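Chemist: pasting a predicted model and its sequence here:
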Amino acid sequence: MLRNKNIICISSIDWDFIWQGHQEIMSTLARNGNRVLFIENTGVRMPSIRDIPRIKNRIKNWFKGVKGIRKEMDNLYIFSPMVLPFPYFRIANWINTHSILSILEKWMKVVDFSDPIVWTFLPTPLSLNIADNLMKKILIYYCIDDFSVSSVSVKKIKKSEKKLLKKTDLVFVTSQALYDYCAAYNGKVYTFPFAVNFREFERTRLANPVINELNNFKRPIIGYVGGIHKWIDQNLIKELALMHPEYSFVFIGPIQSDISLLSGIKNIHFLGKRDHEEIPSLINSFDICLIPYLITEYTRNVYPTKLNEYLAMGKAVISTDLPEVATFKKRYGDIVYVAEDSKSFSNYIDIALNENNLALKAKRIEVAQENSWENRIEEMSDLIENIIKQKKMDIDVRWRENLIYFYNATRRRLLRISAVFLLLYLLLFKTPFIWLCAKPLKITDTPQKADAIVVFAGGVGESGMAGQGYEERVKYAVELYKKGYANRLVFSSGYSYAFREPEIMKILAVSMGVPEEAIFLEQKAANTYQNVKFTKEILNKNNLKSILLVSSPYNMRRASLTFKKVASDTLVIRTPVPDSRFYNRVMGINLRQIRGIIHEYLGILYYWWKGYI
């Protein structure tokens, strides 16, 4: 069996869910000296209301550990990641991948968890992304379900599953149908149905404990262990219970589906979920064990784990005609009763009760021992070790080709990146693309008479340099003033370097012939929103109802939208600087101009989010 390996298991169930092969394999490997990180289910579908308890449990488990990672036992760690519940949305997958890998990489570094075997039960895009981004020895996919038929919402999983199958080093499956499907995409597929922890079940069988809870029910007890899910044939159970009111039908496991069809039937008993340590004792108290599954597209791929658990306790097993159970019967003879309908099920119950004997019981136990997890994991380990050795030999033999491939791949990647940057450069600096993007920002009205001319300055302006954002705007505002469009000027800016910017603007305007008494100063604004807000106070105080607004060409849309929201009763005539040197298309485009235009779009988005526009 594998020893001294690091293993990352990407599970399709949570650790605290019904005990299955996932927990059995990983806990066995951990006990055998391997270090295991068990990543709990990250989802194959959108969650629903019935998933609320599971979500609450995930949040609780996240806080139990550090960033969701906790130690369960020696060599075994559980990772309960918090993920966005959209398994097939690219953005959500990107976020989830980076979030999980960020935690994983730090944890692996801290505990020196390098070069792991990655073993996934889950073929989702997220699982594939995690596996792709980890430096690993080998990748194993254990295909235990046909996910694409288990629910309508997970049919998209097929695409990522096919990608996973093509790149994985080993594929384990639980049924012949799954083997046929996986073998079409991978040449290294091996069948390993779920097994039984034979030693634990044997210990309980030999101890023969008494379960007082079950002594309250009439004998014989016809029992079932496992989830009470939608694959259970409730009509069959109902018919059997009504045909045999003298028998007790006992179900052990969490209720995962509507069971109203069976409610009120006195000899049907649901005892709920039990710890996996209790399961052997409960099965030991049954007289006959059931596998009452519907025959559907999904269950055609199912090898019921409980089959070997029942047999390990020497119990008679009656099952519906599942393909994998029929195959099992062909291999081991009449060790299992396979019924086609409720009538044959009823007959087999009578037969099983009458022909039960020590020889038959011993044969069942012998078959279960052959199908123990110890044997399964030993066989799996041999395959894994062989693949690891083969990959190491391939590296030793093909190092030259691999190195050349690596450099060629790097060169191709650099060429692609260079091509992208070249195209981006040509698009931004050699085409009118930026000006086309900027065009919606620029709004210009024909100047007309108004009560005042308002000039927004502050920080970086037409020159693109700090402290030089006012010169062109003041010059243009004075031109409008001298042409008689208004007899008042309002300079708004909170920017200050050596002097307050509005004061410099006033000095400049006065030097150009504007009388001091015609100028109002607003000196508190730190952004466009405050420009509008504080300017509005000046307009109201002086009964000024209409304005010519002078600002940067591409600030005009944000400014006018803000006026519309904050000062809707003010008539705004938009008159941006007509010939801005900073936005001179003849002189070409530069990074400061691009940054300025992007800044305006982001500013509009931010103002919308804040409710300023």
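Modeler: Right, received. Where do you want to start?

Chemist: residue ranges of the helices in the stretch 301-450 of the chain, please?
Modeler: In the stretch 301-450 of the chain, the helices defined using DSSP state H, counting those that start in this stretch lie at 306-312, 323-332, 342-355, 358-370, 373-397, 399-429, 433-438.

Chemist: among the ones you listed, which is the most enclosed?
Modeler: Most buried of the helices of the stretch 301-450 of the chain by mean neighbour count (mean count of other Cβ atoms under 10 Å) is helix 306-312; its value is a mean of 27. The C-beta positions use only the backbone N, C-alpha and C, and glycine is treated the same way.

Chemist: helices or strands up against that helix?
Modeler: helix 198-207, strand 221-225, helix 279-284, strand 288-291, strand 316-320, helix 358-370 (3 or more Cβ pairs under 8 Å, 6 or more residues apart in numbering; DSSP states H and E).

Chemist: what is the last one packed up against?
Modeler: Packed against helix 358-370, as judged by 3+ Cβ pairs under 8 Å, 6+ apart, are the following elements: helix 198-207, helix 306-312, strand 316-320.

Chemist: ok so, going back, got the helices and strands packed on helix 306-312 as a markdown table, with distance to residue 549 columns?
Modeler: Below are the helices and strands packed on helix 306-312 laid out as a markdown table (distance: least, Cβ to Cβ, whole Å):
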| stretch | distance to residue 549 |
| --- | --- |
| helix 198-207 | 81 |
| strand 221-225 | 77 |
| helix 279-284 | 78 |
| strand 288-291 | 79 |
| strand 316-320 | 79 |
| helix 358-370 | 86 |
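
Chemist: dump the ones you listed to JSON lines, plus mean pLDDT.
Modeler: Formatted as JSON lines, the helices and strands packed on helix 306-312 follow (pLDDT from 0 to 100):
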{"stretch": "helix 198-207", "mean pLDDT": "93"}
{"stretch": "strand 221-225", "mean pLDDT": "95"}
{"stretch": "helix 279-284", "mean pLDDT": "94"}
{"stretch": "strand 288-291", "mean pLDDT": "96"}
{"stretch": "strand 316-320", "mean pLDDT": "95"}
{"stretch": "helix 358-370", "mean pLDDT": "93"}
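
Chemist: to residue 247, which of those lies closest?
Modeler: Judged by Cβ to Cβ, the one of those that comes nearest to residue 247 is strand 221-225, at 5.5 Å.

Chemist: which elements pack onto whatever helix or strand comes next after the closest one?
Modeler: Per DSSP states H and E, the first helix or strand lying C-terminal to strand 221-225 is helix 234-243. Counting contacts by 3+ Cβ pairs under 8 Å, 6+ apart, helix 234-243 packs against strand 248-252, strand 268-270, helix 342-355.

Chemist: so where is this protein shaky, pLDDT-wise?
Modeler: Confidence mapping of the chain against pLDDT under 70 gives the ranges 148, 150-155, 395-399, 401-402, 405, 458-469, 580-588.

Chemist: okay, now the domains of it?
Modeler: Listed by automatic domain parsing, the domain ranges of the chain are 6-191, 198-371, 400-431, 437-610.

Chemist: residue 380 is nearest to which of the ones you listed?
Modeler: Between residue 380 and those, the shortest separation by Cβ to Cβ is 6.6 Å, and it involves domain 6-191.

Chemist: and the closest one, how far apart are its ends?
Modeler: 24 Å (Cα to Cα, to the nearest Å).

Chemist: same question, stretch 59-72
Modeler: 17 Å.

Chemist: any chance you could map the strands in the stretch 451-600 of the chain?
Modeler: Along the stretch 451-600 of the chain, the segments classed as strands by DSSP state E, counting those that start in this stretch run 452-456, 489-492, 519-522, 546-550, 571-574.

Chemist: partner residues bridging residue 222?
Modeler: Counting by DSSP bridges, residue 222 forms beta bridges with residue 249, residue 288.

Chemist: ok, back up a step: possible to save the helices and strands packed on helix 358-370 as a markdown table with distance to residue 546?
Modeler: Shown next, in a markdown table, are those (distance: least, Cβ to Cβ, whole Å):
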| stretch | distance to residue 546 |
| --- | --- |
| helix 198-207 | 88 |
| helix 306-312 | 83 |
| strand 316-320 | 84 |
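
Chemist: indicate which one of those is closest to residue 80.
Modeler: helix 198-207 (25.9 Å).

Chemist: tell me if I'm right that residue 4 and residue 29 touch.
Modeler: No: counting by Cβ atoms under 8 Å, residue 4 sits too far from residue 29 to count as a contact (10.8 Å).

Chemist: looking at the two, which is more packed in?
Modeler: A side-by-side neighbour count of residue 4 and residue 29, using other Cβ atoms under 10 Å, places residue 29 first with 25 against 8.

Chemist: how much space separates the more buried one from residue 39?
Modeler: Residue 29 sits 15 Å away from residue 39 when distances are taken as Cβ to Cβ, to the nearest Å.

Chemist: ok, back up a step: nearest to residue 299, out of the helices and strands packed on helix 358-370?
Modeler: Once the helices and strands packed on helix 358-370 are compared by Cβ to Cβ, strand 316-320 is nearest, at 8.4 Å.

Chemist: taking strand 221-225 as reference, get the angle to the closest one.
Modeler: Relative orientation of strand 316-320 versus strand 221-225 (axes from the mean of the first three to the mean of the last three Cα atoms, to 10 degrees): 60 degrees.
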